[in-house]
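Visitor: A predicted structure for the sequence below; I have some questions about it.
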Amino acid sequence: MQPLPGFRDLFPADFARRNYLVGRWRETARRYGFVEFDGPTLESAELYRKKNSGGEILGQLYEFTDKGDRAVALRPEVTPTLARMVAARHRDFPKPMRWFNVGTCFRYERQQRGRLREFLQFNCDLVGDGSPAADAEVIALLIDLLRSFGLGEGDFAIRLSDRSAWHDFMARHGVEKDRTAEFLTIVDRMEKMPAEKAAELLHPFGIGIGTLREFIAKAEIPALAPLLADLEVRGLRGYVRPDLGVVRGLAYYTGVVFEAFALHGNLRAIAGGGRYDRLLADLSDGSADLPAVGFGVGDAVLLELLNETPTAKAMEDAALKADAPVQVYIVIAAEERRPEALALAQQLREAGWRVGFPLGVEKVGKQFGAAEGAGASHAVVIGSEWPVVKVKRLADRHEKEVAKDALLPWLADSRC
RNA sequence: GUGGCUGUAGCUCAACGGUAGAGCUCCGGUUUGUGGUACCGGCUGUUGCGGGUUCGAAUCCCGUCAGCCACCCCA
């Protein structure tokens, strides 16, 4: 038996990596004053079908009928859930709301490297503030998030665009309102298709490919000026590149849209987001009319990026090493001292140390091997010297005799 | 959803028509209280699954499932 396609077993080493990611996600979000929430993994399929919510994600919906004959779907993203929750109780929360979520999402599509059917996503949303300051806050969070993994200006960049610029463009060139989605889809894909194909698709709109390319090439997005100025002051302007070619696939974005992409390798977008000022009103039939901006990052793509970036990988390895399952390993050199060893282990554990020791009689050499294997930084040898023990720093093999009562302070001292 | 490649011990792979092997991992050992090396020994496979061709198939053919890559799109 294997897991279903696109689903993964997480063995301890995989889970340790996931914990590393999630730890950084939470830590960064909280530095920006965001609070964590979660909602159901399974939602009514209607939530994703409602006006303006789904977009291209609809084709990848993991949906089925439950035993109560309800049309349900596993969430492909959390934004609709967030919108539903906020619409229901937004009066309970002071604005703006800074909420984040770490949750499993599902998309039924063919799997590939960095893309699975079940994945963990980090989602950050700022609700109730429609200003460029809010956009800047969220984008700065994303930049700091990636930086917290040891990724720098040479490793990633944020492509930044604004759908309002496209709406102006469409108004100027007479694109009908109900065809804006179709038009934006063409723009979104244009850089990957041959020119003739793009020209053919644009023909019904009466817009030449040259006109479009010219518009994108100018890269002038006046609406972005305050946002860029904000990021400039924070010292983060270097991470951001205005680029009208970014449109994003989700239908509900209304203003600023952005995506983080890797500067090396051929990974796809590692994070994406934007402003969705009408989604809440649409999902609540107008009862909660709040502007919002947010983004999502997936675990699979980020993990791949860390693997490919040496400095980030080194940082991760160091963090995982520091988080080893055992910090102090008790070597029982004389089996008759086992009771004292157990008492000491208990004492160390109560003080917060991660402690290991052999469950049965083992040779001393083997016990040191186990200490090494579990990633312990110290071994404490208990034997004939009791009540004195030997503490050994595994890294440099430096050994010292310490009275048992002095062990705890000695370890605490060596920790820093 | 479309196309290409792949599928052999827990992992990485070899054998490419004559009835399966190596390295790593794991376990044990190299006699008595000190660890990542070295040496010795041991375990594990209906060769993804189902059919076909053949005297004989891991090896050829078909189907199916799964993985990888590209497209598509996105985290």
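Guide: Yep, that arrived.

Visitor: in the sheet, who's paired with A:Thr104?
Guide: On the basis of DSSP bridges, A:Thr104 is bridged to A:Leu120.

Visitor: Distance check, it against A:Val35.
Guide: Counting by C-beta to C-beta, to the nearest Å, the separation of A:Thr104 from A:Val35 is 20 Å. Every residue, glycine included, has its C-beta placed from N, CA and C.

Visitor: Between those two, tell me which one has more neighbours.
Guide: When A:Thr104 and A:Val35 are compared for neighbours, A:Thr104 comes out ahead with 14 against 11, by other C-beta atoms under 10 Å.

Visitor: got the residues of the stretch 51-200 of chain A near RNA strand B?
Guide: A:55-57, A:77, A:107, A:109-117, A:119, A:121, A:185, A:188-189, A:192-193 (C-beta under 7 Å from any atom of the strand).

Visitor: Let's see that with 10 Å instead.
Guide: Applying C-beta under 10 Å from any atom of the strand, one finds that the stretch 51-200 of chain A approaches RNA strand B through A:55-57, A:59-60, A:76-77, A:79, A:105-123, A:184-186, A:188-194, A:197.

Visitor: mind listing which of the residues you listed are in helices?
Guide: A:Thr79, A:Leu184, A:Thr185, A:Ile186, A:Asp188, A:Arg189, A:Met190, A:Lys197 (DSSP state H).

Visitor: Quick check, the first one in contact with A:Asp125.
Guide: Yes - shown here, A:Thr79 and A:Asp125 form a contact pair, counting by C-beta atoms under 8 Å, at 7.1 Å.

Visitor: quick one: the helix of greatest length in chain A near RNA strand B?
Guide: Taking DSSP H as the assignment, the helix of chain A that covers the most residues is helix A:12-31. No - against RNA strand B, helix A:12-31 shows no contacts by C-beta under 10 Å from any atom of the strand, the least distance being 11.7 Å.

Visitor: who's in contact with A:Trp25?
Guide: A:Phe100, A:Val102, A:Phe122, A:Leu145, A:Val297 (C-beta atoms under 8 Å, 6 or more residues apart in numbering).

Visitor: what about 6 Å?
Guide: Residues in contact with A:Trp25, defined by C-beta atoms under 6 Å, 6 or more residues apart in numbering, are A:Val102, A:Phe122.

Visitor: Repeat that for A:Ile143.
Guide: A:Leu236, A:Tyr239.

Visitor: same thing but at 8 Å, please
Guide: A:Ile158, A:Leu236, A:Tyr239, A:Val240.

Visitor: May I ask which two of these are separated the most?
Guide: A:Ile158 and A:Leu236 (9.0 Å; C-beta to C-beta).

Visitor: Between the two, point out the one with more neighbours.
Guide: A:Ile158 (24 against 20).

Visitor: ok, A:Ala87 to A:Leu283 distance?
Guide: 6 Å.

Visitor: and the two? which has more neighbours close in?
Guide: A:Leu283 (24 against 20).

Visitor: ok, and the closest non-adjacent residue to the more buried one?
Guide: A:Ala83 (4.8 Å; C-beta to C-beta, 6 or more residues apart in numbering).

Visitor: Which strands and helices lie in contact with the helix or strand containing that neighbour?
Guide: Using DSSP states H and E, A:Ala83 sits in helix A:79-89. The contact analysis (3 or more C-beta pairs under 8 Å, 6 or more residues apart in numbering; DSSP states H and E) places helix A:79-89 against strand A:42-44, helix A:46-49, strand A:97-106, strand A:118-127, helix A:279-283, strand A:292-298.

Visitor: Highest mean neighbour count out of the ones you listed?
Guide: A comparison of these by mean neighbour count, using mean count of other C-beta atoms under 10 Å, puts strand A:292-298 on top with a mean of 24.

Visitor: pLDDT averaged over the next helix or strand after that one, what's the number?
Guide: Remark: after strand A:292-298, the chain's next helix or strand is helix A:299-308, criterion DSSP H and E. If you average the pLDDT over helix A:299-308, you get 87.

Visitor: Next secondary structure after helix A:299-308?
Guide: Taking DSSP H and E, what comes next after helix A:299-308 is helix A:310-322.

Visitor: buried set for whichever helix or strand comes after that following helix?
Guide: Per DSSP H and E, the first helix or strand lying C-terminal to helix A:310-322 is strand A:328-332. Using 16 or more other C-beta atoms under 10 Å as the burial criterion, the residues of strand A:328-332 that qualify are A:Val328, A:Tyr329, A:Ile330, A:Val331, A:Ile332.

Visitor: Please apply the same query to stretch A:63-78.
Guide: Applying 16+ other C-beta under 10 Å to stretch A:63-78 flags A:Glu63, A:Val72, A:Ala73, A:Leu74, A:Arg75, A:Pro76, A:Glu77, A:Val78 as buried.

Visitor: In strands, which of these appear?
Guide: Judged by DSSP state E, the buried residues of stretch A:63-78 include A:Glu63, A:Val72, A:Ala73, A:Leu74 as members of strands.

Visitor: A:Lys313 touches A:Asn307, doesn't it?
Guide: Yes - when contacts are counted by C-beta under 8 Å, A:Lys313 is listed as touching A:Asn307 (6.1 Å).

Visitor: before we move on, back to that, top of the ones in helices among the residues of the stretch 51-200 of chain A next to RNA strand B by neighbour count?
Guide: Going by other C-beta under 10 Å, A:Thr79 tops these with 24 neighbours.

Visitor: For that residue, give me its contacts.
Guide: Contacts of A:Thr79 by C-beta under 8 Å, 6+ apart are A:Asn123, A:Asp125, A:Tyr252, A:Tyr276, A:Leu279, A:Gly294, A:Gly296.

Visitor: swap the cut-off to 7 Å and go again
Guide: Contacts were defined as C-beta atoms under 7 Å, 6 or more residues apart in numbering; by that measure A:Thr79 touches A:Asn123, A:Gly294.

Visitor: and A:Phe11, how many residues sit next to it?
Guide: A:Phe11 has 8 nearby residues by other C-beta under 10 Å.
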